[in-house]
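> Curious how this folds, go ahead:
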Amino acid sequence: MKKQLLLTFDYELFLGPKSGQASSCLLNPTNALLNIMRPHGVKAIFFVDTAYLYTLEKYSKQYENCKNDLRIVSDQIQNIVREGHYVFPHIHPHWLDAKYLPDIHEFVLKDVRRYRFHSLDKQDRQLLFGESMRIISNIIHPEFPEYKINGYRAGGWSIQPFEDIKPFFKSFGIEYDFSVMRGAYQFSNAQYFDFSDSPAKPIYNFSDDVVKENKGGEFTQLSSSVIKLSPYIKMGDRILQKVLFKFVNDHTYGKGVGQQPKALRDLSPRSLKGHPSKDRSHEPVAVELLSVVKLQNYLNFFREENYMHFVSHPKMVSNHNLSMLDQFLKIVFHDYSIETDFLKIAELYKK
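Numbers count the residues shown, from 1 in each chain. Presented below is the predicted three-dimensional model:
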């Protein structure tokens, strides 16, 4: 059996008091990622924050900068599909409450009362999911009319309770979900998810509950990977980050500010299973977290497992991260036969 490698990216701005701009958070880092993946024939998935596009579209009627951003972001999304990658919706509902600052061409997203899809009323759920599918379709289908928009990732992992979003999956033909981070949970006034009891297998069918396998279920879950790291590795990585920042000026591409801890209230119970999402001994596999200190851990994980799923954010990557991704891909593609197309990977688990 081929090794299975999923590279997925949440294509979004920062989601707090300072959004950053499209050029630094999306366009430049995404082009750098495409350049690294292209020689290996990787088929990645980009989950586009469609609530951001909906907001850009709204402000485009009044502000030329928003109109230009909508155009250049749409052009990049088209190019992503043209290069053979997938593009699916990714909804952060609190964009509905974003405030635009035209003087600096950035948004403020401090209000987290509607951070989760669950927090929307029925009318706004219908509006936001419908507009998300319309916008993605309008960008992709003029050039690729047969392209199927059948995948989804919830903003902030907050896919639960699934009953709130299941009707939209059925109405709009969503078959594949990528919102489960195996074993993790988080409850706050913004995020809400509990994957502590998720199945051991990384890919499974489900119907009414994203963490309960149903072999006859109409939806397929492709969960993300979590890696365990020792305190020594974590300490070494923190030292490395300080050195890179101070002496090499290595920093993230995006220039923005996400949700601040003081704005969030941690309401998490201590689960008997799983781990809090901020547990430092468990870390989601991500390009922006991959460093020379962790590279061997990532390689060991891939050697021991048949399936590895990166969940990354272009806005968060640095040049060092990109260099490590390049090294990782060169090593694993040399050593293994690898499948990166999620459709083919999902089929392997249905047999």
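
> Helix, strand or coil: sort out the residue lying closest to residue 60 once chain neighbours are set aside for me.
In this structure, residue 60 finds its nearest non-sequential neighbour in residue 67, 4.0 Å apart by C-beta to C-beta, 6 or more residues apart in numbering. Bear in mind the C-beta positions are built from the backbone N, C-alpha and C, glycine included. Under the three-state scheme (DSSP: H, G, I helix; E, B strand; the rest coil), residue 67 adopts helix.

> just the one 5 residues further on next, same as before
Reducing the assignment at residue 72 to three states with three-state DSSP gives helix.

> Settle this for me: it is touching residue 30, isn't it.
No - counting by C-beta atoms under 8 Å, residue 72 does not reach residue 30; the two are 11.4 Å apart.

> how close does the residue nearest to residue 60 sit to residue 56?
Per C-beta to C-beta, to the nearest Å, residue 67 is found 8 Å from residue 56.

> Comparing the two, which residue is more hemmed in?
Neighbours were counted for residue 67 and for residue 56 using other C-beta atoms under 10 Å; residue 56 has more, 24 against 14.

> you'd agree that one is in a helix?
Yes - the assignment for residue 56 by three-state DSSP puts it in a helix.

> so how far is residue 66 from it?
Plainly put, residue 56 is 5 Å away from residue 66 if you go by C-beta to C-beta.

> All the helices of the stretch 1-150 of the chain, residue numbers only.
22, 28-37, 50-60, 64-82, 122-140 (DSSP state H, counting those that start in this stretch).

> Need those helices in a markdown table (columns: mean pLDDT and distance to residue 334).
A markdown table is the format used below for those (pLDDT from 0 to 100; distance: least, C-beta to C-beta, whole Å):
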| stretch | mean pLDDT | distance to residue 334 |
| --- | --- | --- |
| helix 22 | 98 | 35 |
| helix 28-37 | 98 | 15 |
| helix 50-60 | 97 | 37 |
| helix 64-82 | 98 | 26 |
| helix 122-140 | 98 | 34 |
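
> With distance to residue 147 added, can I get those in CSV?
Formatted as CSV, the helices of the stretch 1-150 of the chain follow (distance: least, C-beta to C-beta, whole Å):
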stretch, distance to residue 147
helix 22, 23
helix 28-37, 18
helix 50-60, 15
helix 64-82, 6
helix 122-140, 5
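
> Out of those helices, which gets nearest to residue 331?
helix 28-37 (13.3 Å; C-beta to C-beta).

> and the angle from that closest one to helix 64-82?
10 degrees (axes from the mean of the first three to the mean of the last three C-alpha atoms, to 10 degrees).

> Helix 28-37 packs against which elements?
Under the contact definition 3 or more C-beta pairs under 8 Å, 6 or more residues apart in numbering; DSSP states H and E, helix 28-37 sits against strand 3-11, helix 64-82, helix 319-335.
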